[in-house]
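> mind looking at a prediction? Sequence and model below.
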Amino acid sequence: MVANPLPDNHRDARRTNAESSSEVPDPSLTDADNEDPPRGALPSAHFRAVAVDFDGTLAEGPVAPDMLVALAEARARGIWVILMTGRIMSELRSVFPEVDNHVVDAVVAENGALVVAPVGVRTLAAPVDRAVSGALTASGSADPTGQVLIACAAADEPAALDVVRGLGLDC
């Protein structure tokens with residue numbers, strides 16, 4: 001259940017201010033627009049987008065069918081659904097292949113450094129140097145490289161750090 005974002009005293013203050021105001025009411029608003037939503041409900045007219053984290057929020061593994069239905073319902077109501085994840089896209093696709101079937105409007109991946117939408121992909125950080133991938137492969141480390149991020153197992157972290165430092169790419 002979602003809690004009402006406005007405490008009771010905030011809603012009452014809004015009514016008092018509106019009633020004492022000398023402003024002319026907006027003729028495009030109906031009485032329904034001025035009514036408070038039922039307790040625990042959020043009026044969808046006030047929300048145009050929702051950002052949902054993948055791991056631990058949307059799913060703990062494969063995405064449940066009822067979650068796919070909820071995403072579709074939100075999109076059908078005109079709400080943009082943006083999926084957030086620290087994963088690289090290949091990892092996300094391996095556990096959530098439906099992500100490419102337009103179940104969300106956009107994905108912010110690779111810890112926020114990559115935006116993937118139907119109109120294209122935008123990187124918000126420098127791409128991974130190709131030398132990193134080659135050096136990781138040569139060191140025997142797994143090499144799941146995203147566009148701007150390297151995803152490695154904890155066991156491969158020392159080798160990955162050695163590669164990054166050896167190439168002079170550390171901060």
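Everything's here; your move. Numbers count the residues shown, from 1 in each chain.

> could you measure from residue 66 over to residue 151?
With the distance defined as C-beta to C-beta, to the nearest Å, residue 66 ends up 29 Å from residue 151. Yep, even glycine has a C-beta here, placed from its N, CA and C like the rest.

> now residue 152. Nearest residue, chain neighbours left out?
Here the nearest residue to residue 152 in space, its sequence neighbours aside, is residue 160; by C-beta to C-beta, 6 or more residues apart in numbering that works out to 4.9 Å.

> quick one: buried residues of the host helix or strand of the one you found?
Take DSSP states H and E as the rule and residue 160 turns out to sit in helix 157-166. Of all the residues in helix 157-166, those buried under the rule 16 or more other C-beta atoms under 10 Å are 159-160, 163-164.

> for those residues, which one is nearest residue 138?
residue 163 (8.7 Å; C-beta to C-beta).

> isn't the closest one right up against residue 134?
No - the pair residue 163 / residue 134 is not scored as a contact, 9.2 Å apart, by C-beta atoms under 8 Å.

> returning to that earlier point: list the contacts of the helix holding residue 160.
Identification of contacts with helix 157-166 by C-beta atoms under 8 Å, 6 or more residues apart in numbering yields 132, 135-136, 139-141, 150, 152, 170.

> returning to what we had before: okay, residue 66 and residue 151: which has more neighbours?
When residue 66 and residue 151 are compared for neighbours, residue 151 comes out ahead with 18 against 8, by other C-beta atoms under 10 Å.

> beyond the one helix or strand residue 91 maps to, next helix or strand please.
Secondary-structure assignment from DSSP H and E places residue 91 in helix 89-95. Toward the C-terminal end, the helix or strand that comes next after helix 89-95 (DSSP H and E) is strand 106-109.
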